[in-house]
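[1] Output the structure for:
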Amino acid sequence: MEPDIEVKRFEEQDYENKDDLSEIPKIEELDDYVKECTYTPLSLVNPIPFDPSNQEYIMREHILPADADWNEENPDANDIPIDSDGQYGNRSASSLLGYGIHKRRPKLLINITVYNEEPKQLVETLAGVYRNYYELIDLDPTFLNRVQVVIIVDGYSHLMKTPEHLLCYERANIHDLKKLSEGKYISNQLSSGFSEAKTVFQKLLFISSENMVSKERKILDEELKQELYKKGEKKKYDPIRAYGANNIAHCFSRVMSFEEWEQCLPKAQRDSLVIDQYEIYDFLVGSNEEGRVKDQKYGHFSLPIHFIVKQNSQGKLESRKWFMRGFCKLMNPIYLQTLDCGSIPLWNSISKIIMHMETFTDVGGACGEVECLLMEKKQNGIESVSFIESSILRAQYAEYKITHYMDKATESVFGFVNSLPGTFSTFRWESIKGKPLDQYLKGCTDQFSDIKGVPSCVSANKYLAEDRIISLEIIAKAHSSFITHYIPGAKCLTDPPLSLTELIKQRRRWFNGSLFATLHVMKSMYRIWGRKWTSFFRNLFYMLLAIYMVCYLILSYVTVGLFYAAFSVFLRGVLDSEPCYSLTESANIFENIYLIFLFFCLMLSTTVEVTYAEAGFRICSLVMSLFAIVTIVCSIFFALDGDQNRTAIILLGLVGISFIIPILLNIHRVKLADFVKGIFYGTILSPTYFNILPIFAISNIHDVSWGSRPTTKEQTKSTDPAYLKAIAKKDESYKNFRANFLIFWLSINGAVGITLTTISRNLGNEFIFLSGIVLSLLAVFKLVFSTIHKLLAWIHSFFVNRHIRNLRKRMKKDNIPSLHERVRNKDEDDICLIFEKFRPRTALDKEQDKQRKNELSDKVQAFAKNLASSICPEKREEEIKKFRDQSLASLGQDMKKKIDKQIRLLRKNGKSSGIDPTIKKKPTEIKKDAEYDPLMDSDDDKEDNKQEHEPNQFRHKKRYKNTEEEVEVIKEVEEEEEEEEKRGDKGGVEESEVRGQGEESERDTSEEGEEVEDIEFMSDEESSESERESGDEMEFGD
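    Okay, here's the model as predicted:
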């Protein structure tokens, strides 16, 4: 008899937040979290470690060092709860994490997943998030302080490949690499400027096979030991999983304004930041009037930010796991929004979806319109987009538009949007808790998963399309009646693949995932009838949609055969041909070349990695595009020959019209010129879509990676023999499945192509006629329901607007002012003063700055001569003070920095002409001037330029002693002055003038009699701090 084993577990804390969601918080609640960035290491813990099947993980603060083993006896020695009273001495109790869990339950949690994108892409995504937050709190003030942003970076391995990216986040004070050394997660620090990166991330010792796969059972009973020994069993193992993720998340939390995020970018990128053809100032706070910015509508408010970097890269789906299993479970939000870095939610996008879900409480998930970002330059801002890349981009633009206005609109009428893309979707937390979330994250496995239960190739591919899985689970959830909607007008820009290689990788995952996920949806549609709170007619409606989905699934499976049949029929109907294969007739020659390139594409897909076969795929795509042109020309001549041909072509034309009408209904949301180009390029590239992409996808069905964003698990490779054996067995099984499935798929498509062409040759043109009827029926189906969706969208807008009006009436009744009302009532000058830093500098602004700078130079030269010749030393300071006042009055307050700089020079050298002596004098004359220290201002100038590119911990002054180094500093100053002249660097609005805070700002704007002292006791440190633009902080909103 085996002894009883005590199951060690910790008691789960009650994190339920009793916050009154109808209460409007105060803006000042977040003031304590603005200045410092708090660091908290987090782990996903299995509360029942001896039950590996348990999926209800809980996020806790990790206190175990990286080089320490898991403590089985005392779980609280490994991780401690994120508690409100701090009885465990944890850091998270008084941080933003504790605020979101214990004080203010968030109504909306926004998740942004980052792979290896540049900081500029993240800033652009956050610009859309901030804009929608301003809209949301204007519509419903109860969302104030109840929206939090969780940014999850997929591992330090991606950040360390480009250390400048990490430096940008350090500069914005949302990351501090030094804090990782406290838990011994890194072995050393990066050198200044990251020129020699030597930081090494330590292996997590507590994440091991012993703690995550099996644990030796200690047997104390001697008789049992002898019995096991006789049976040949020397040891007994129990399955165990101590952690829900074999990873650690390093969380940096802070309340941030958008201006602070701008510090991630160099000054040139900040000044040229444009979102959807709007300057960043207009995009954030402007109001849209017929496509133009009319006036300022909103004020700036800060957002709570959680910036999480995972220790190891485990993929995008694991990032969603941390967000949903960790943050959502603890904070218990009402809604959660998923975004990818680089996706930019535009005006009235997130806010529109949220208000729609607030109005219709049975909507469990909703998505908006994902639109391709039509870029002229690549993300680095330097390289221009080539013609081929532009063609691929615009073809995807037209494809996305047709997909949303036809497919998603049709599905939304039935209440079941087949795919809620993770790029831009909103979920009601209540609708995905439980089984939907389990199924959504089922594809997130690691080397410590159940090696005996290795998923089949079908299951692995199915969970590549996790967005389709969760859509099904929402509507099929037991004891509920949730539906999913597509919200037109809620637009989000995304950066699509530009190269053919990236497109092939992306569509491989999409095609295989959607194929098997749709099969799973079809098999699981019966579950809808088990819901108790839905009507019989609603379920019958779902069945009609299921039939439509089956038809499209079959068509997508045999696209290669159908396209070959259409090509052959049109070609043989116009050109000379032989019934069998021939090398002399023109139609047969074209067919033979077509088949040769199909075979060539198949060989490339099965034998060569796509990265190394890009040239071959480009040749195939080019030749196939020529075949598309031939097919179009032949179809035109084919239509002109005979009545039946014309009837068939009319039916096919009906298909085209069915695509045009939904576009016309949404013409105000389409860039017509780009859409027309996209239709043209898409038509030319149609053989690539219908032949190359499906062939590559099926040929690589054994590859279940995430396409263009693969997972790098080099830091977590397991050496466990059982795991390695299971992986080898899985790879062999997947490749065998690929071979069998590929043969079956080729056979089906070959049979379809040969059968249809044979029927067409023997029975005439009935094939084209019947094909036209089938496609026309499907097109008319989508046309009817997409038009109905347009009418429903107007009805939904009416109810949403009524809901908003009721909120306004309640606010007016309770005397609750709008959060943006104070900003709207300000004078235009005051508004420009407050938000001047968000305005990119125009050419006119730069020209005016240059003129004022030249005017200042002339004034200083004239005053310096007068100062040296006619003014007695006793009145020197009084004259300097008058000159300062006059210059500020004539040139403006934003020139204060430059004026004060020249005044310091005048004080330092009264005999100088007022211009920087390091520029006027020769280097050999500097050491002769005993009264002048050339390094004072050169250091200040160097700091002014350098501070924009270095984080706080690297900012310091350097003092030079020898003449050679002084000469180098002088040259740097000269180069900086020349650069400043070229780019027309603006003076900027000082923080003291914007906020009116601090003693310096009071002295700068005080009476005449008080300003002499202000000039005299301004130290170098104070003047350097006043000139530091990136260190400025502005108060927004209130």
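
[2] how far is the strand ranked longest in the chain from where the chain is centred?
    Counting by DSSP state E, the longest strand found in the chain is strand 483-494. Its chain's C-alpha centre and that of strand 483-494 lie 16 Å apart, by C-alpha atoms, centre = their mean, to the nearest Å.

[3] Identify the neighbouring strands of it in the sheet and state each direction.
    Strand pairing for strand 483-494, using DSSP bridges, gives strand 344-345 (antiparallel), strand 363-372 (parallel).

[4] Heading C-terminal from the last one, find the next helix or strand.
    What it means is strand 363-372. helix 387-402 (DSSP states H and E).

[5] Quick one: residues in contact with that following helix.
    369-372, 374-375, 385, 496-500, 503, 659, 662-663, 666, 670-671, 674-675, 677-679, 681-682, 684-685 (C-beta atoms under 8 Å, 6 or more residues apart in numbering). From N, CA and C alone the C-beta is placed, and that goes for glycine too.

[6] can we see that at 7 Å?
    370-372, 374, 385, 496, 498-500, 503, 659, 663, 670, 674-675, 677-679, 681-682, 685 (C-beta atoms under 7 Å, 6 or more residues apart in numbering).

[7] contacting residues for T423?
    By C-beta under 7 Å, 6+ apart, the neighbours of T423 are 340, 343, 370, 494.

[8] ok, now which ones touch the first one?
    In this structure, D340 makes contact with 113, 422-423, judged by C-beta under 7 Å, 6+ apart.

[9] still on that earlier bit, hmm, which two among the contacts of T423 are most spread apart?
    Within the contacts of T423, D340 and V370 form the most distant pair, 9.9 Å apart (C-beta to C-beta).

[10] Among the contacts of helix 387-402, which ones are in helices?
    Those of the contacts of helix 387-402 mapping onto helices are 500, 503, 659, 663, 674-675, 677-679, 681-682, per DSSP state H.

[11] got these as CSV, with neighbour count columns?
    Listed next are those as CSV, based on neighbours: other C-beta atoms under 10 Å:
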residue, neighbour count
L500, 22
L503, 25
F659, 18
I663, 18
D674, 17
F675, 17
K677, 19
G678, 26
I679, 21
Y681, 21
G682, 20
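
[12] and which of these is nearest to G530?
    For the ones in helices among the contacts of helix 387-402, the nearest to G530 is F659 (36.9 Å; C-beta to C-beta).

[13] The nearest residue to that closest one once chain neighbours are set aside - how many residues pack around it?
    Nearest residue to F659 in three dimensions, chain neighbours excluded: I402, at 6.0 Å (C-beta to C-beta, 6 or more residues apart in numbering). Neighbour count for I402, taken as other C-beta atoms under 10 Å: 19.

[14] From N740, how far out is I402?
    Distance, I402 to N740, by C-beta to C-beta, to the nearest Å: 34 Å.

[15] now I58
    In terms of C-beta to C-beta, I58 sits 42 Å off from N740.

[16] repeat for R538
    For R538, the distance to N740 - C-beta to C-beta - is 40 Å.

[17] So if I had to pick from those two, which one is more boxed in?
    R538 (16 against 11).

[18] and the gap between the more buried one and L544?
    Taking C-beta to C-beta, one finds R538 at 11 Å from L544.

[19] repeat for N332
    Counting by C-beta to C-beta, the gap from N332 to L544 is 37 Å.

[20] if we can go back for a sec, what two of the ones in helices among the contacts of helix 387-402 are the furthest from one another?
    L500 and I663 (26.2 Å).

[21] Would you map the strands across the stretch 1-150 of the chain?
    Along the stretch 1-150 of the chain, counting by DSSP state E, counting those that start in this stretch, strands occupy 38-45, 58-62, 79-80, 108-114, 147-153.

[22] comparing these, which gets the lowest mean pLDDT score?
    With a mean of 86, strand 79-80 has the lowest mean pLDDT of the strands of the stretch 1-150 of the chain.

[23] List the neighbouring strands of that one plus their orientation.
    Strand pairing (DSSP bridges) places strand 79-80 next to strand 58-62 (antiparallel).

[24] Can you pull out the residues in contact with the strand it pairs with?
    12, 40-45, 47, 79-82, 90-92, 248, 326-327, 329-330.

[25] what's the distance between that strand and the middle of its chain?
    With C-alpha atoms, centre = their mean, you get 25 Å for strand 58-62.

[26] and P25, what does it touch?
    Contacts of P25 (C-beta under 7 Å, 6+ apart): 104, 144-145.

[27] one more time with 10 Å, if that's ok
    19, 103-104, 141-146 (C-beta atoms under 10 Å, 6 or more residues apart in numbering).

[28] Can you report phi and psi for it?
    phi -70, psi 170 (degrees, to the nearest 10).

[29] Quick one: mean pLDDT over the longest strand of the chain.
    Computed over strand 483-494, the average pLDDT equals 93.

[30] relative orientation of it and helix 387-402 in degrees?
    160 degrees (axes from the mean of the first three to the mean of the last three C-alpha atoms, to 10 degrees).

[31] could you point out the longest helix in this protein?
    Ranking each helix of the chain by length (DSSP H) puts helix 766-813 first.

[32] What's the mean pLDDT across that helix?
    Rounded mean pLDDT across helix 766-813 is 86.

[33] Okay, angle between that helix and helix 387-402 too, please.
    Per the same axes, to 10 degrees, the angle that helix 766-813 makes with helix 387-402 is 70 degrees.

[34] how far does helix 766-813 sit from the chain's center?
    28 Å.

[35] all numbers from here: first residue = 514
    That works, and once the first residue is 514, the last one we named lands at helix 1279-1326.

[36] Sketch out the low-pLDDT regions of the stretch 1114-1263 of the chain for me.
    1154-1169, 1171, 1220-1236 (pLDDT under 70).

[37] which among the contacts of P538 end up buried?
    532, 617, 654-659 (16 or more other C-beta atoms under 10 Å).

[38] circling back: any chance of the ones in helices among the contacts of helix 900-915 in CSV with distance to T997 as columns?
    Formatted as CSV, those follow (distance: C-beta to C-beta, whole Å):
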residue, distance to T997
L1013, 33
L1016, 27
F1172, 24
I1176, 23
D1187, 29
F1188, 27
K1190, 32
G1191, 27
I1192, 29
Y1194, 32
G1195, 27
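
[39] just those now: which is nearest A1003?
    Nearest to A1003 among those, with distances taken as C-beta to C-beta, is I1176, at 18.1 Å.

[40] I'd say S856 and C880 touch.
    No - counting by C-beta atoms under 10 Å, S856 stays clear of C880, with 11.9 Å between them.

[41] Those two: who's more crowded?
    C880 (28 against 24).

[42] Apart from its chain neighbours, what residue comes closest to the more buried one?
    S938 (4.5 Å).

[43] Partner strands of the strand or helix carrying the one you found and their direction?
    Using DSSP H and E, S938 sits within strand 937-941. Here strand 937-941 is paired, per DSSP bridges, with strand 848-853 (antiparallel), strand 876-885 (antiparallel).

[44] The longest one: which residues count as buried?
    If you call a residue buried by 16+ other C-beta under 10 Å, then strand 876-885 has these buried ones: 876-885.

[45] Which pair of these spans the longest distance?
    Farthest pair in the buried residues of strand 876-885, by C-beta to C-beta: G877 and C885, 27.6 Å.

[46] if we can go back for a sec, please identify which of the contacts of T936 is nearest to I1301.
    V883 (22.2 Å).

[47] rewinding a little: what about dumping the CA coordinates of the strand holding S938 to PDB?
    The C-alpha trace of strand 937-941 is given here as PDB (Å, rounded to 0.1, in the frame of the first residue of the first chain):
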ATOM      1  CA  PHE A 937      -7.500  44.500 -33.400                       C
ATOM      2  CA  SER A 938     -10.300  42.900 -31.400                       C
ATOM      3  CA  THR A 939     -12.200  43.600 -28.200                       C
ATOM      4  CA  PHE A 940     -13.600  40.900 -25.900                       C
ATOM      5  CA  ARG A 941     -15.900  40.900 -22.900                       C
END
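
[48] Brilliant, that's me finished.
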